[in-house]
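**Q** Any chance you could fold what I've pasted below:
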Amino acid sequence: MKILKKKVKPEHPVREKPEISAENFIFLAAFLGFFAVFMSQMGVMNALNTMMNTAYSLLIDTVLYLTAICVLMGAVSALFSEFGVVSLANRLLNPLMVPLYNLPGAASLGVVTTFLSDNPAILSLAEDQYFKGFFKKYQFPALTNLGTAFGMGLIVCTYMLSLSLNSGESYGLSVAVGLLGAVGGGGGDMVSALLEEFLSGGFGRVAGLTADNTDFLSDRGMSPEDTAQYLADHRFPEEALVWQTGADGTPVLYLSEEQWGLVQTLELNLFYDDGAGYIDLGLDNVFKFDEAGGLLGKNEGTWLAINEQPVAYYHSATVDDGDQYTITGRVPVLYNGSRAELILVFDNANPYGFVAGVQSVYSDGETDTAAKSQSELQAGDTLEFLCDYYSYDGAYQDSYLLGEPLVVTDEALVISDVVLDGRTEATYRFTDLYGQRYWSDVIPE
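**A** So this is what the prediction gives:
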């Protein structure tokens, strides 16, 4: 079945601001009052002269300097890419950069360029498409931090060593300690990041860790150091998400029993290639294992449909006591023109599932303190299915209408699996104990 998408019309018109309102006068009062404070102390001419000189210095001494760095390093990065220096550095320095910073060897060029110039040099490298190909998306913030750690290194080291000539004292040891600090601090390893957040009273800067999913640690009689080490030891190993070829040629992914113990949920994420990008068809708790406990990578090109219309389906929860099970999921829709979600339920009595109802989705600015209301579909209701759309480089584009509108009748909606015409790509999403999410590589064809 071919999947078609259409642009979603805005649900609410854009509100235009009135030309004249109290906002105009409040801003003018605050703006003039801010500068009046300085001018009352410095005098009008001195204050204006200081502002102009500061702006001039910022433009000439700082902005143009940083621009020059970006231009030069952009040219250098292009040359490195063109003549294979990036690939060479990645191959030679990968054994060093991975254990130190969990970054590929190509990141070493970021260290060199920022050390010889300044922090913005890393931006030119990060914009090079060939250079970016060595990194995963989550590694780019770490690459930026790495550049910050080594920025202006040569200038600072030269200045410190020059002080030795003027004062007669040796600053060589200080320079060496500083370089070691940059090497050790540039990566921001897991234990140090966790420890810093624990001592500051929160985990907000560690991806996936918040007060909501670390409350269980508050009652443990552990020191901050032991707590940080515990979290680091129980980190889900994303590097283990590698597809191998099974005995029968089927892709298979192996994790140890301890690693599987860190997995809270496992879901199949399917994308449909429409020739211009990817339609995200959602997440389903569909998976199989081989006799050795390996996750089988099978993409059969089928997906959930309602009345034969493929839809974006997202698994919500599974409750299974061994005898009875209940699986719930949601399907984003426009329900009579308003955003909502169909609630789907699969259980022992209804293994093929049924539509339990529809519930509203709050728009930006609306309160979510009240419970979302769930109601039954009525004959004559109109459903327009929604999906998220991504470019080939993985960037979110927008939400689109999926297929044709469906008018509800007195007959129950039918849930089924349909074969999709065209190319699909599938990956598995792993969610660990802390709510952090990891995706495997695309299942090989």
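
**Q** Wait, a helix at M97?
**A** Yes: with DSSP: H, G, I helix; E, B strand; the rest coil as the criterion, M97 is located in a helix.

**Q** who's in contact with it?
**A** By C-beta atoms under 8 Å, 6 or more residues apart in numbering, M97 lies in contact with L103, P104, G105, A107, S108. C-betas here are computed from N, CA, C, even on glycine.

**Q** and if you look at P237?
**A** By C-beta under 8 Å, 6+ apart, P237 lies in contact with L255, Q259.

**Q** which phi and psi does it have?
**A** Dihedral angles of P237 (phi, psi; degrees, to the nearest 10) stand at phi -80, psi 90.

**Q** Next one: it from F287, what distance?
**A** P237 sits 18 Å away from F287, going by C-beta to C-beta, to the nearest Å.

**Q** tell me the domain ranges of the protein?
**A** 47-185, 190-233, 243-439 (automatic domain parsing).

**Q** Using CSV, lay out these together with distance to F34 and mean pLDDT.
**A** Converted to CSV, the domains of the chain look like this (distance: least, C-beta to C-beta, whole Å; pLDDT from 0 to 100):
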stretch, distance to F34, mean pLDDT
domain 47-185, 11, 74
domain 190-233, 31, 52
domain 243-439, 30, 88
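
**Q** Make TSV out of those and add distance to S40.
**A** Formatted as TSV, these follow (distance: least, C-beta to C-beta, whole Å):
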stretch	distance to S40
domain 47-185	9
domain 190-233	39
domain 243-439	40
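
**Q** Helices of the stretch 1-150 of the chain, start to end?
**A** Remark: helices assigned in the stretch 1-150 of the chain by DSSP state H, counting those that start in this stretch are 22-42, 44-57, 64-82, 85-101, 107-116, 121-127, 129-132, 140-150.

**Q** Convert the fifth one to CSV, retaining C-alpha atoms only.
**A** Once side chains and other backbone atoms are set aside, the C-alpha atoms of helix 107-116 remain, and they are given as CSV (Å, rounded to 0.1, in the frame of the first residue of the first chain):
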residue,chain,number,x,y,z
ALA,A,107,37.8,14.7,16.6
SER,A,108,41.6,15.1,17.1
LEU,A,109,41.5,17.7,14.3
GLY,A,110,39.2,19.7,16.4
VAL,A,111,41.7,19.6,19.2
VAL,A,112,44.6,20.7,16.9
THR,A,113,42.7,23.5,15.1
THR,A,114,41.3,25.1,18.3
PHE,A,115,44.6,24.7,20.1
LEU,A,116,46.4,26.6,17.3
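
**Q** Tell me which residues of it come out buried.
**A** By 16 or more other C-beta atoms under 10 Å, the buried positions in helix 107-116 come out as A107, S108, L109, G110, V111, V112, T113, T114, F115, L116.

**Q** Now do it against helix 85-101, angle only.
**A** Counting by axes from the mean of the first three to the mean of the last three C-alpha atoms, to 10 degrees, helix 107-116 lies at 90 degrees to helix 85-101.

**Q** Deepest-packed of the helices of the stretch 1-150 of the chain, please.
**A** Stretch with highest mean neighbour count among the helices of the stretch 1-150 of the chain: helix 107-116 (a mean of 24; mean count of other C-beta atoms under 10 Å).

**Q** That one relative to helix 140-150, how many degrees between them?
**A** 40 degrees.

**Q** could I get the helices of the stretch 1-150 of the chain as JSON lines with distance to G394?
**A** What follows is the helices of the stretch 1-150 of the chain, written out as JSON lines (distance: least, C-beta to C-beta, whole Å):
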{"stretch": "helix 22-42", "distance to G394": "39"}
{"stretch": "helix 44-57", "distance to G394": "40"}
{"stretch": "helix 64-82", "distance to G394": "21"}
{"stretch": "helix 85-101", "distance to G394": "21"}
{"stretch": "helix 107-116", "distance to G394": "20"}
{"stretch": "helix 121-127", "distance to G394": "16"}
{"stretch": "helix 129-132", "distance to G394": "12"}
{"stretch": "helix 140-150", "distance to G394": "12"}
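
**Q** Out of these, which gets nearest to D273?
**A** Proximity to D273 (C-beta to C-beta) singles out helix 129-132 among the helices of the stretch 1-150 of the chain, at 20.6 Å.

**Q** Quick check: which element contains S316?
**A** Following DSSP states H and E, one finds S316 within strand 313-320.

**Q** Could you give me the buried positions within that strand?
**A** In terms of neighbour count (16+ other C-beta under 10 Å), strand 313-320 has its buried residues at Y313, Y314, H315.

**Q** Mind picking the one among those that's closest to G133?
**A** Y314 (30.2 Å).

**Q** and the closest one, what does it touch?
**A** Counted by C-beta under 8 Å, 6+ apart, Y314 has contacts G282, L283, G329, R330, V331, P332.

**Q** does it have beta-bridge partners, and which?
**A** Note on Y314: beta-bridge partners by DSSP bridges are L283, R330.
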